[in-house]
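J.: Pasted the sequence and its predicted model underneath.
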Amino acid sequence: MTRLGLFSEPYAPTGNMGDGGFERLLGAPRLDGLQLVLREAIQNSCDAAKLGKGPRILIRLRTLTPDQLAVLRNQVLAELPFISSSADALTAFLDAETPRVLEICDFGTTGLGGPTRADRIPAGVDRTDFIDFMRNVGTRRNTDLGGGTYGFGKASLYRTSRCSTVLVDTLAEDPGAGADARRLMACHLGESGERDEGNGFLSRYTGRHWWGVQGAADDAGKVGEPQTGDAAAALSEALGAPLRTMAGATGTSILILDPDLRLDVVDQDGTEGSAGSADVSDIGVHILERVLWNFWPRMLGTTPEHRRIHLTVEVESVTLETPRPEDCPPLDLFARAMNEIRDGKGREIRSYRPQTFLGRLAISRGVRADRLPAFRAEGLLPKRSSCIALMRPAEMVVCYMDGPVLADERTEWAGVFVTSDQKEVEEAFASSEPAAHDVWDPSALPKGPARTWVRMALARLKEAASEVAAPGAASGGSEGSTGSVAAVAGMLGAFLAGVGAGGPTRGGGGGGGGPSGRRRVSQPTFQRLEMFEGERTALFTLTVLGRGALTRLDLTPTISMDGGGVAAAGLDVVSPPVVIEVDGDGDDIFQVQPLVDIGDFEGELTVRVSVPDDCAVGLRASLLPAESA
């Protein structure tokens, strides 16, 4: 197995970026480090998915085995930089008790092809993926409607590594490259330094170092080339990286050495906070949540196959289940709004001076659904959604614009705004984004139409967000929707398989006095959503107080209509909600009939109600004399 050599970057006669300047290119992102690195890496994978299918993405956190660590120590990082801060950081990782790596791998993408040296581009060659990723800084990607600048975001990879080192293993989709299509190289970003090389001058170095092999045309051994072909594949396999021998295996694997798992957050005012270090057993959930929150539009069932992300997350050899966004509240509401936009519906957002179509907005409201168990702790997914996802036609979330919550605490809303794909408009929004692509900032643009478009779009969206919770605003559906009672009910939120997106309505009617005035029943209270014998259901509890004459309980399922409950009976609903079972707080189980005979029961009852698709249901309860029909 070939041992890689170290190639340190000297300052050019005309100067270089050094002293950590490369890492500072991202400025002060609003995202925590894990979220930032996932966004940047997956965005690059999506931009490289040009082969007719969306990328397959594998994210793994694993501890290197003793054999793998030995390969890394003896074959890859055998020679350490002469700058002590860099050497010490790498040594600390190599000597660690648990040497972990975070891998972000894509498959079915184009990989990193093209020339390997930034100063020598063969005539007629347009593809420069490898040098743009491994060498250059800030190169504009030539992907139409892509994620953004290809080069700045890669600084997040080095930020995430405590030793500022990544190893890149790529198989390029390049029929003419032959064995050179497989490439492996490591890179470290550290402090600049200088040393006396015996020529009467101190040679200065930028702090960038590569591990590779010496090329035939190498300038005094100072540049370095990637290991290629079978030697690269063998070294990758010895390090435990995913194999790339099957069909559709082109793509890139990035191994981040010694990942920093602290979930640091930069607040809107620029101050830094920290949620502390994430426990390894929980890191998979944090990864899933961050990918879903930023890339759910690319993971929907309605996303075209050539754009859809297929995600696998693995932590220490345990594979986590990736939920569908449609099954993961509140992303289900965002998904419904996204699908409206894809259908050409929603509200047009325009600038009138100059007259320009800027994009389309859709808003979906619903009754708040329980979050998936894995996402119920504090995290990115809001406990009660009230925001608009902002994105360009690439359909990757740039950021979320917060809005007011709905008056009823049991309800929530979600909006989606996608800019126009008109070239000038899309470029205006793209140019307003900082290097981290995490906000639209019109002040970053010079005065002119582009600045006006971004500023006016944000102003219109803020107005729309305020209108959602304004008194008199429609309580169901997306902007401008009309239709039958069933359609209106459908706007309120859909229960999704396994978790549901919907629930009880405000109101719902309670019972009042019993037949002799001594018995009464409380208003039903919604408890949770769950699957029951393969059917979506909602659980309500109510209390019967007092004993007396034998009594029947009238239970009436309702469908939400403009903030209140309308009895489902007689409405144009394909499968109206019905009571499935009624249980007492002891061993009492009551036969479900139009009127439930509860006799002289006193105590708490649990009522299970079926939930039709695209409906939010409630429940009314009242007591009737036993002889009532």
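T.: Right, received. Where do you want to start? None of the values given here were measured: they were computed from a predicted structure. Residues are numbered from 1 along each chain as shown.
J.: Just list the residues touching the residue nearest to Ala407 when sequence neighbours are not counted, thanks.
T.: Spatial nearest neighbour of Ala407, excluding adjacent residues (Cβ to Cβ, 6 or more residues apart in numbering): Ala469 at 6.6 Å. Using the backbone N, CA and C atoms, a C-beta is placed for each residue, glycine as well. Contacts for Ala469 (Cβ atoms under 8 Å, 6 or more residues apart in numbering) come out as 386, 403-407, 413.
J.: roughly how far apart are Ala469 and Arg384?
T.: According to Cβ to Cβ, to the nearest Å, Ala469 stands 12 Å off from Arg384.
J.: intersection of neighbour lists for the two?
T.: Val405.
J.: farthest pair in the contacts of Ala469?
T.: Gly403 and Ala407 (13.1 Å; Cβ to Cβ).
J.: The two: who's more crowded?
T.: Set Gly403 next to Ala407 and count neighbours by other Cβ atoms under 10 Å: Gly403 wins out with 22 against 13.
J.: confidence score at the nearest residue to the more buried one once chain neighbours are set aside?
T.: Sequence neighbours aside, Ala465 is the residue nearest to Gly403 in space, at 2.9 Å (criterion: Cβ to Cβ, 6+ apart). Per-residue pLDDT puts Ala465 at 93.
J.: thinking Ala465 is in contact with Met401, fair?
T.: Yes. In this structure, Ala465 is within contact of Met401 by Cβ atoms under 8 Å, at 6.3 Å.
J.: Now do the shared contacts for the two.
T.: Joint contacts of Ala465 and Met401 (Cβ under 8 Å, 6+ apart) are 387-388.
J.: In terms of neighbours, single out the busier of the two.
T.: Ala465 (21 against 18).
J.: Identify the residues contacting that one.
T.: So Ala465 contacts 386-388, 401-404, 415 (Cβ under 8 Å, 6+ apart).
J.: Also Arg100?
T.: Going by Cβ under 8 Å, 6+ apart, Arg100 touches 61-64, 258-259, 280.
J.: tell me the pLDDT at the residue nearest to Ala407?
T.: Value for Ala469, per-residue pLDDT: 80.
J.: And it, its phi and psi?
T.: phi -100, psi 10 (degrees, to the nearest 10).
J.: So the closest residue to Asp588 other than its chain neighbours: helix, strand or coil?
T.: Leaving aside its sequence neighbours, Asp588 sits nearest to Phe601 (Cβ to Cβ, 6+ apart; 6.2 Å). Judged by DSSP: H, G, I helix; E, B strand; the rest coil, the three-state class of Phe601 is coil.
J.: Burial check on Phe601, number of neighbours?
T.: 19.
J.: you'd agree it is up against Val544?
T.: Yes. Between Phe601 and Val544 there is a contact at 6.0 Å, judged by Cβ under 8 Å.
J.: picking that back up, OK, contacts around the residue nearest to Asp588?
T.: Per Cβ under 8 Å, 6+ apart, neighbours of Phe601: 544, 584, 588, 590.
J.: Against Leu553, how distant is the last one?
T.: Computed as Cβ to Cβ, the Phe590 to Leu553 distance reads 8 Å.
J.: And the third one, by the same measure?
T.: Note on Asp588: its distance to Leu553, by Cβ to Cβ, is 12 Å.
J.: neighbour count winner among the two?
T.: Each of Asp588 and Leu553 has its neighbours counted (other Cβ under 10 Å); Leu553 has more, 24 against 13.
J.: quick one: contacts for the closest residue to Ala233 other than its chain neighbours?
T.: Leaving aside its chain neighbours, Ala233 sits nearest to Arg182 (5.6 Å; criterion: Cβ to Cβ, 6+ apart). Arg182 makes contact with 170-172, 228-230, 232-233, 244, according to Cβ under 8 Å, 6+ apart.
J.: thinking again about what came up before, which among the contacts of Ala469 count as buried?
T.: 386, 403, 405-406, 413 (16 or more other Cβ atoms under 10 Å).
J.: Looking at these, spot the one nearest Pro115.
T.: Of the buried ones among the contacts of Ala469, the one sitting nearest to Pro115 (Cβ to Cβ) turns out to be Gly403, at 48.2 Å.
J.: Isn't that closest one up against Ser385?
T.: No. Gly403 lies out of contact with Ser385 (Cβ under 8 Å); the separation is 9.6 Å.
J.: Between those two, which contacts overlap?
T.: Joint contacts of Gly403 and Ser385 (Cβ under 8 Å, 6+ apart) are Trp413.
J.: Can you tell me what sits against the helix or strand containing Glu289?
T.: Under the criterion of DSSP states H and E, Glu289 resides in helix 280-295. Here helix 280-295 makes contact (Cβ under 8 Å, 6+ apart) with 34-35, 38-39, 42, 59, 61, 100, 261, 263, 278, 299, 309, 311, 313-316, 318, 320, 322-323, 325, 328, 331, 374-375, 379-381, 396-397.
J.: Tell me the buried residues within those residues.
T.: Buried residues within the contacts of helix 280-295, counting neighbours by 16+ other Cβ under 10 Å: 34-35, 38-39, 42, 59, 61, 100, 261, 263, 278, 299, 309, 311, 313-315, 320, 322-323, 325, 328, 331, 374-375, 379-381, 396-397.
J.: Take those residues and keep only those in strands.
T.: Under the assignment DSSP state E, those contribute 59, 61, 100, 263, 311, 313-315, 320, 397 to strands.
J.: Could I get the pLDDT score of the nearest residue to Arg3 once chain neighbours are set aside?
T.: Among residues not flanking Arg3 along the chain, Gln75 sits closest, at 5.2 Å (Cβ to Cβ, 6+ apart). Among the per-residue scores, Gln75 shows a pLDDT of 97.
J.: Give the full set of residues in contact with Gln75.
T.: Counted by Cβ under 8 Å, 6+ apart, Gln75 has contacts 1-4, 235, 238.
J.: Most neighbours of all the residues you listed, which one?
T.: Most surrounded of the contacts of Gln75: other Cβ under 10 Å gives Leu4, at 24 neighbours.
J.: Can you tell me the closest non-neighbouring residue to it?
T.: With sequence-adjacent residues excluded and distances taken as Cβ to Cβ, 6+ apart, Leu4 is closest to Trp211, at 4.3 Å.
J.: Fine, thanks again, bye for now.
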